[in-house]
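>>> Would you be able to build a 3D model of this:
(one chain, ligands or ions: 1)
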Amino acid sequence: MENLTFQQISAEILKKSLKSVELTQHIFGRIDKLESKIGAFISLFRERALAKAVDIDRRLAEGAPVGPLAGIPVAIKDNMCTGFGATTCASRILGKFSSPYNAHVVDQLEDADAVIIGKTNMDEFAMGSSCENSALQTTVNPWDINRVPGGSSGGSAAAVAAGLCYAALGSDTGGSIRLPASFCGVVGLKPTYGRVSRYGLVAYGSSLDQIGPISRDVYGAAALLNVIAGHDRRDSTSVDESTAPVKDYVKNLDHPVENLKIGVAQEFFDVEGLDPEVEKAVREALQTYEDMGVALIEVSLPYMKYAIAAYYLIATAEASSNLARYDGVHYGHRTSRPKDYIDVYSSSRAEGFGDEVKRRIMLGTYALSAGYYDAYYLKALKVRNLIRRDFEQAFEKVDCLMCPTAPETAFKLGEKTDDPLKMYLSDIYTIAVNLAGVPGISIPCGLSSGNLPIGLQIITPAFSEAKLLRIARMFEKETEHHLSKPFC
Ligand code: GLN
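Sure, this is the predicted structure:
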């Protein structure tokens, strides 16, 4: 069953040739077999999922209406609140925090009749590129268990790649959907900032965070986006549909984009540390598009090289403010024997947060402090504007940009944990997209000589996800990279 595509499995369920219960049991069977090796899930909802599946089968049998994701087993990154089970953000500070409500996207999945099977591992508070900053467990890459799955949505990407669910939700502040998608050989989409409500998503960098789908193929990503996209009055940054209407992302997916112009920047290939095998696969992907009659046009994004520096000021500044709420009083962990009330805060935070989170709170607090605000934070905001303008200017000439998703394939567990700056460089291709607020997708475009997946990133202007998905789908129809599977 795990070899069927999202579209096929959905059709089988609607035809009633496959029962949702059978599929759910099959998925839990795989989880029982593989999860001890992969470590993708922080929590599993076996009984709840089976009950939902029974209900879907009953409604189908009665001819009652079902939602567009009826019976599809999906997973959710553990930084999205669920009114059932725990929401941990892979942090000790949240402990077994149980949210009183569902995130908007969780409600949307439930209404669409998806079967939510569990919540996935991540870097603590989504800060990281390898999933190794999780305070709770290690997730490995299903293609090579000695390697990282990418981060921070590594659990979601690994679960999809290992066939432990058909699709998953991730969140992306600087690359956290696209990077693990690239490392695990699956499709990951970061929508335009404001396209999907962040209500109930635990905030990291609020002006950058966006929820998006991870799935085996472009169809799955489109089907999930159909369900989660749209205005939500509970998130004031979610965009009004009269300004940017939500499209049916599945409807014209198979129609190639006519007169497509792809922008390629020399800056993309000048990146230090770009693995020649990654460059080769991306150049071959560009060739595949050219063979379809698509024009490749040279563009330039001169400010992209400052993206990582600007991001690590803006994201950490926002994080330092967002994480102030974990004070030992409102949520989760509280120190057991505080000396006084100040110590309740400081010891609870010292015990509850991991090293990377502390590093970022300190960096962000510093960048926002009175004497340094103008020199660091304000300057970073100006650079962000210049990067946004780079994209706008490029999109005057082309429909999309293409580049690698990451400079390399999945690295070994532990390889970069001692050197945060090296780790930060993994997001060199993805971070500028968040700063500009535009959508980006990573799709598999080949395997390295070591049999590790390589990702192609496609970027389009704001609110053009329908076109972005069609461009990605064009590649999928010409190639078979999305069909390669890891060991399990
Ligand atoms: N790796 C980046 C960071 O650590 C991006 C993380 C993300 O997108 N959530 O901040």
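>>> quick check, stretch 432-450 touching the ligand?
No. If you take C-beta under 6 Å from any ligand atom as the test, stretch 432-450 misses the ligand, and the best it gets is 7.0 Å. Just so you know, the C-beta spots here come from the backbone N, C-alpha and C atoms, and that holds for glycine as well.
>>> pLDDT (mean, whole number) over that stretch?
Confidence over stretch 432-450 (mean pLDDT, whole number) is 98.
>>> go on, stretch 41-53?
On average, stretch 41-53 scores 98.
>>> Buried residues, it. List them.
Across stretch 41-53, burial judged by 16 or more other C-beta atoms under 10 Å covers Phe41, Ile42, Ser43, Leu44, Phe45, Arg48, Ala49, Leu50, Lys52, Ala53.
>>> Now do the same contact list for the residue in the stretch 301-450 of the chain positioned nearest to the ligand.
For the stretch 301-450 of the chain, the residue closest to the ligand is Asp427, as judged by C-beta to the nearest ligand atom, at 4.8 Å. Counting by C-beta atoms under 8 Å, 6 or more residues apart in numbering, Asp427 touches Ser129, Gly174, Gly175, Leu179, Ile308, Tyr311, Ala406.
>>> Give me the phi and psi angles of it.
phi -100, psi 20 (degrees, to the nearest 10).
>>> Run the chain-centre distance for the helix or strand where Ala221 lies.
Assessed by DSSP states H and E, Ala221 sits inside helix 218-228. Computed by C-alpha atoms, centre = their mean, to the nearest Å, the chain-centroid distance of helix 218-228 equals 13 Å.
>>> Tell me the helix or strand right after that helix.
Defined by DSSP H and E, the subsequent element after helix 218-228 is strand 261-265.
>>> which helices and strands sit right next to that next one?
helix 276-291, strand 295-299, helix 379-397, strand 400-404 (3 or more C-beta pairs under 8 Å, 6 or more residues apart in numbering; DSSP states H and E).
>>> buried sites along it?
Ile262, Gly263, Val264, Ala265.
>>> Just confirm the first one contacts Lys397, I think it does.
So the one you mean is Ile262. No. Using C-beta atoms under 8 Å, Ile262 is not in contact with Lys397; the gap is 10.5 Å.
>>> Can you pull the residues that touch both of the two?
Joint contacts of Ile262 and Lys397 (C-beta under 8 Å, 6+ apart) are Ile297.
>>> Name the member of the contacts of Asp427 with the most neighbours.
Neighbour counts for those (other C-beta atoms under 10 Å) peak at Leu179, which has 35 neighbours.
>>> Check whether the strand or helix carrying it comes near the ligand.
Following DSSP H and E, one finds Leu179 within helix 178-184. No. On the criterion C-beta under 6 Å from any ligand atom, helix 178-184 is out of touch with the ligand, staying 6.9 Å away.
>>> ok, back up a step: ok, and the closest non-adjacent residue to the residue of the stretch 301-450 of the chain closest to the ligand?
Gly175 (4.1 Å; C-beta to C-beta, 6 or more residues apart in numbering).
>>> can you check Tyr424 too?
That would be Ile308: by C-beta to C-beta, 6+ apart, it lies 5.9 Å from Tyr424.
>>> circling back to that earlier point, so what's the residue nearest to Asp427 up against?
So Gly175 contacts Ser129, Lys190, Thr405, Ala406, Ser426, Asp427, Tyr429, Thr430, Ile431, Val433, Asn434 (C-beta under 8 Å, 6+ apart).
>>> Going by contacts, tell me the helices and strands next to the helix holding Ala221.
By 3+ C-beta pairs under 8 Å, 6+ apart, helix 218-228 packs against helix 6-15, helix 104-111, strand 167-172, strand 187-190, strand 210-215, strand 440-447, helix 465-478.
>>> orientation of it relative to strand 210-215 in degrees?
Helix 218-228 and strand 210-215 are oriented at 140 degrees to each other (axes from the mean of the first three to the mean of the last three C-alpha atoms, to 10 degrees).
>>> Extract the C-alpha trace of helix 218-228 and format it as CSV.
This file holds the C-alpha atoms of helix 218-228, laid out as CSV (Å, rounded to 0.1, in the frame of the first residue of the first chain):
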residue,chain,number,x,y,z
VAL,A,218,3.6,17.3,-6.0
TYR,A,219,0.0,16.1,-6.1
GLY,A,220,0.1,15.3,-2.4
ALA,A,221,1.5,18.8,-1.6
ALA,A,222,-1.2,20.4,-3.7
ALA,A,223,-4.0,18.4,-2.1
LEU,A,224,-2.9,19.3,1.4
LEU,A,225,-2.4,23.0,0.5
ASN,A,226,-6.0,23.0,-0.8
VAL,A,227,-7.2,22.1,2.6
ILE,A,228,-4.9,24.4,4.8
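>>> In three-state terms, how would Ile31 be classified?
With DSSP: H, G, I helix; E, B strand; the rest coil as the basis, the three-state label of Ile31 is helix.
>>> quick one: what helix or strand has the nearest residue to it once chain neighbours are set aside in it?
Ranked by C-beta to C-beta, 6+ apart and with sequence neighbours excluded, the top spatial neighbour of Ile31 is Leu164, at 5.3 Å. Assessed by DSSP H and E, Leu164 sits outside every helix and strand.
>>> got any ranges where the protein has weak pLDDT?
Within the chain, the stretches with pLDDT under 70 are 488.
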